[in-house]
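Student: 3D, please:
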Amino acid sequence: MKLSILMPVYNERTMVERCVSQVLAAPIPENMERELVIVDDCSTDGTYAILERLAGEFPQIQLYRHERNGGKGAAVRTAIGKASGDFAIIQDADLEYDPSEYPRLLRPLLDGRADAVFGSRYMAGEQSRVLPFWHSMINQGLTLISNMFCNLNLTDMETCYKVFRTDLLKSIPIRSDRFGFEPEIVMKCAKRKLRIYEVPISYHGRTYEEGKKIGWKDGLKALGVILRFWLIDDLYAAPYGRGVLNNLTGTPQYLAWLARKLRPHVGDTVLEIGAGIGNITGRLMGRRTLYVAAEKDALHLHALNNRFLRTPHVMVRRFDPEQPDSLANLDTSFDTVLCLNVLEYLEHPGVLLDFLRGLLKDGGTLLVLVPNVSSLFGSLDVRLGHRRRYNKAELARLLEAHGFSLDRAYQLNKAGTLPWWIYSRILGAQRISKLVLKVFDKTVWVWSRLDAFMPWPGLSLIAVARKRDSAG
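Tutor: The predicted structure is shown next:
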């Protein structure tokens, strides 16, 4: 294993050599390598010359430099992109935090209990320097406000010591350039439902005379960051995950509406194809004897395993719809198979339907959700990776050809049809604003009641199909 130590540096010539020395000498678990990724954020006091010399002396150091000062968040973002370890810890270059406490911070990750570990200055650490009252009150006040919006019970949101599994950290987009990085990463960890642990750490804080850089203006900006990322769900970096799933994480009321439509048709043993991060799984798994959540995306699989770690009747399996044989060793037949937002991505959806038919009991139910109305296909579909949109007749023919009979079909979300047509066909947009999605979700209670009375087609189509038995 390898630990990536991410060090943003700006004008620390009096401290940086000592800090690097302690980081490189800090204890880490046996058989773990370390790399120190240093990003100099355009220092002007001679710090970079010191770092160049140290990088020449120690092969563990990777040194990068910003040509323009961007702030701590910008430097951390660069360091994350360069990290190659299994775990990543953020280390300021001012020695307010003690590198000798790395083993304590890593332990919950190595034990498999955590995805992220935060070091808390306000839990009972070995030693902490007594600092001005109002500075501590501002920190604790920001933590309280962050907790209110994140629904967490952290004791120290603003702590520097945050340790992550590197693959998860790379999947989180970092937008804040300055000290807003701290509330942003906490909010996104909470929304991604990562398993977060806190451990007590020592703290040797500096005064402003000694070189401390964060100020009261950064505290005000932190409030804005908390509010911004509470309103907007910007949870996945571009290369990670399917866009439709990422958007749906921000629309829980829509998901609840969808689940209400599906629930009456779900039996006791269920297989869900393309389970994503478990949004539908969590709403439908109750009172089932077996629920298998299948997904191919590695990050979504990790999220599923975390979410249902202590749910014995939920089984998480890797499954690629393009290669159905990857799930061939299941030794059970299912009452219900959910295939939600999957068929539109496949070049040969019939291959998957043939495979799923083999996993269903005779008379079992296949629930399919696909984008509706072929003529709505546009730029948003292309951006999401859709190969097609369906209509009821096309979907019925596809199901019939592969051993299913269409029992009934629902058109869903008629309120979304016109905005989709405008964004995708008229404007040629590549995405729908997350704020628009948030507003839509907050008004779903209205649209769900009006849906049956709107005279035009819905944006999505739900098909309830039955497996024909051998005689049929």
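
Student: quick one, what contacts M32?
Tutor: Contacts for M32 (C-beta atoms under 8 Å, 6 or more residues apart in numbering) come out as M1, K2, L3. Placement of C-beta: from N, CA and C, glycine included.

Student: which parts of the chain belong to which domain?
Tutor: 2-231, 243-467 (automatic domain parsing).

Student: which of those domains sits closest to A237?
Tutor: Minimum separation from A237 across the domains of the chain (C-beta to C-beta) falls at domain 2-231, 4.5 Å.

Student: mind checking the end-to-end distance for the closest one?
Tutor: 36 Å (C-alpha to C-alpha, to the nearest Å).

Student: now that domain: mean pLDDT?
Tutor: Averaged across domain 2-231, the pLDDT comes to 88.

Student: pLDDT (mean, whole number) over the longest strand seen in the chain?
Tutor: Assignment by DSSP state E gives strand 360-371 as the longest strand of the chain. For strand 360-371, the mean pLDDT works out to 95.

Student: that older thread, any chance of the domains of the chain in a markdown table, with distance to A237 too?
Tutor: Below are the domains of the chain laid out as a markdown table (distance: least, C-beta to C-beta, whole Å):
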| stretch | distance to A237 |
| --- | --- |
| domain 2-231 | 5 |
| domain 243-467 | 10 |
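
Student: roughly how far apart are N329 and L353?
Tutor: 20 Å (C-beta to C-beta, to the nearest Å).

Student: would you turn the contacts of M32 into CSV with distance to T365?
Tutor: Compiled in CSV, the contacts of M32 are given as follows (distance: C-beta to C-beta, whole Å):
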residue, distance to T365
M1, 45
K2, 47
L3, 49
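
Student: from those, pick the one nearest G81.
Tutor: Nearest member of the contacts of M32 to G81, counting by C-beta to C-beta, is K2, at 16.0 Å.

Student: what is the burial count for the nearest residue to that closest one once chain neighbours are set aside?
Tutor: In space, K2 comes closest to G85 once its chain neighbours are excluded; the distance is 3.8 Å by C-beta to C-beta, 6 or more residues apart in numbering. Other residues within reach of G85, judged by other C-beta atoms under 10 Å, total 19.

Student: same check, this time on G56
Tutor: When neighbours are defined as other C-beta under 10 Å, G56 has 10 of them.

Student: any idea how far D469 is from the residue nearest to W447 when sequence neighbours are not counted?
Tutor: Nearest residue to W447 in three dimensions, chain neighbours excluded: A415, at 3.9 Å (C-beta to C-beta, 6+ apart). Using C-beta to C-beta, one gets 39 Å for the distance from A415 to D469.

Student: these two - which one has more neighbours?
Tutor: Of the pair A415 and D469, A415 is the one with more neighbours under other C-beta under 10 Å, namely 18 against 11.

Student: what sits against the more buried one?
Tutor: By C-beta under 8 Å, 6+ apart, the contact list for A415 reads F440, W447, L450, D451, M454.

Student: can you pull the pLDDT of it?
Tutor: Looking at A415, its pLDDT is 93.

Student: isn't there a strand covering it?
Tutor: No - secondary structure of A415 (DSSP: H, G, I helix; E, B strand; the rest coil): helix, not part of a strand.

Student: just the CA trace of the lengthiest helix in the chain, in CSV.
Tutor: Using DSSP state H, we find that the single longest helix of the chain is helix 133-150. Taking Å, rounded to 0.1, in the frame of the first residue of the first chain, the C-alpha atoms of helix 133-150 are listed here in CSV:
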residue,chain,number,x,y,z
PHE,A,133,-11.3,32.6,22.4
TRP,A,134,-13.0,34.2,19.4
HIS,A,135,-10.9,32.2,16.9
SER,A,136,-12.1,29.0,18.5
MET,A,137,-15.7,30.2,18.7
ILE,A,138,-15.7,31.0,15.0
ASN,A,139,-14.3,27.6,14.1
GLN,A,140,-16.9,25.8,16.3
GLY,A,141,-19.7,28.1,15.0
LEU,A,142,-18.8,27.2,11.4
THR,A,143,-18.8,23.5,12.4
LEU,A,144,-22.2,23.9,13.9
ILE,A,145,-23.7,25.6,10.8
SER,A,146,-22.1,23.0,8.6
ASN,A,147,-23.5,20.2,10.7
MET,A,148,-27.0,21.7,10.4
PHE,A,149,-26.9,21.7,6.6
CYS,A,150,-25.0,18.4,6.3
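
Student: name the helices or strands packed onto that helix?
Tutor: Secondary-structure packing of helix 133-150 (3 or more C-beta pairs under 8 Å, 6 or more residues apart in numbering; DSSP states H and E): helix 181-191, helix 216-231.

Student: now do the first one: which elements does it pack against?
Tutor: In other words, helix 181-191. Secondary-structure packing of helix 181-191 (3+ C-beta pairs under 8 Å, 6+ apart): helix 72-82, helix 133-150, helix 216-231.

Student: helix, strand, or coil at the residue nearest to K2?
Tutor: coil.

Student: shouldn't it be in contact with S4?
Tutor: Yes - between G85 and S4 there is a contact under C-beta atoms under 8 Å: 3.4 Å.
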